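Take this sequence and fold it.
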Amino acid sequence: MPLISCLLSGLFFILSMTSTGSFAQAGRRVCASAPQSRVAASSESHIQPIYQPYLTTCQGHRLCSTYRTIYRVAYRQVYRQLPQPVASCCPGWSRAEGHTLGCNRALCWVPCQNGGSCIFPGRCSCPPGWMGPACQTDVDECTSQSHGCDQLCTNTAGS
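Sure thing, here's the model as predicted:
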């Protein structure tokens, strides 16, 4: 019985140490906040006194009742507050769907438009023909005189 209890205690300890996902570990673009605590239950051994009455012979060959104390190992359930690190993505970053390691997806407060993609918090990468913080402005190639044509230049959106 003590062996089983010992094994269960060890198993609970291992589970408590490994149950936090790998996301909770410090990593790239992962910010830790104040640790929260959680309650963990475990089995603990202790010495329990047992008082046993018994009869003995006293002076004058009389029977006397007295007590003796024996001790045994007993087990009890104990609860402890364990710190649990809390991690979340740093501002401007989030976890990509299906990925639990790190925070790989940049967040743009203004959504990227016209096929642009968010490459850094608040910064879009625009496809050719578009510019601006959210790829919202058409590049007018006619104003730069670099269109290379002698004909009349007419700008179209995204060209």
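
When you work out contacts or count neighbours from here on, use the C-alpha atoms and nothing else.
Will do.

any idea whether residue 103 is helix, strand or coil?
Secondary structure assignment for residue 103 (DSSP: H, G, I helix; E, B strand; the rest coil): coil.

The closest residue to it other than its chain neighbours: what's it in contact with?
What sits nearest to residue 103 in space, not counting adjacent residues and going by CA to CA, 6 or more residues apart in numbering, is residue 95, at 4.4 Å. The neighbours of residue 95, taking CA atoms under 8 Å, 6 or more residues apart in numbering as the test, are 89, 101-105.

Of these, which is the nearest to residue 47?
residue 101 (45.7 Å; CA to CA).

Tell me where the model's unsure across the protein.
Across the chain, the ranges flagged by pLDDT under 70 are 1-27, 34, 98-101, 144-150, 158-159.

Break down it into its helices, ranges please.
Ranges of helices in the chain, per DSSP state H, are 2-18.

can I see the domain layout of it?
Per the record, the chain has its domains at 1-12+34-86, 91-145, by automatic domain parsing.

quick one, which of these is nearest to residue 154?
Here domain 91-145 is closest among the domains of the chain (CA to CA), at 6.8 Å.

which ones are touching the closest residue to residue 45 other than its chain neighbours?
With sequence-adjacent residues excluded and distances taken as CA to CA, 6+ apart, residue 45 is closest to residue 75, at 4.4 Å. Residue 75 sits next to 43-46 when contact means CA under 8 Å, 6+ apart.

What's the separation between residue 75 and residue 116?
Remark: distance between residue 75 and residue 116 (CA to CA, to the nearest Å) = 63 Å.

hmm, what's the outermost residue in the chain?
residue 60 (75.1 Å; CA atoms, centre = their mean).

For the chain, which segments count as strands?
Secondary structure of the chain (DSSP state E): strands at 30-57, 63-89, 93-94, 105-106, 117-120, 123-125, 130-131, 137-138.

Walk me through which strands the last one pairs with, and which way each runs.
Spelled out, that is strand 137-138. Take DSSP bridges as the rule and strand 137-138 pairs in its sheet with strand 130-131 (antiparallel).

The first one now?
Strands flanking strand 30-57 in the sheet, each with its direction: strand 63-89 (antiparallel) (DSSP bridges).

Any buried residues in the strand it pairs with, and which?
By 16 or more other CA atoms under 10 Å, the buried positions in strand 63-89 come out as 84, 86-89.
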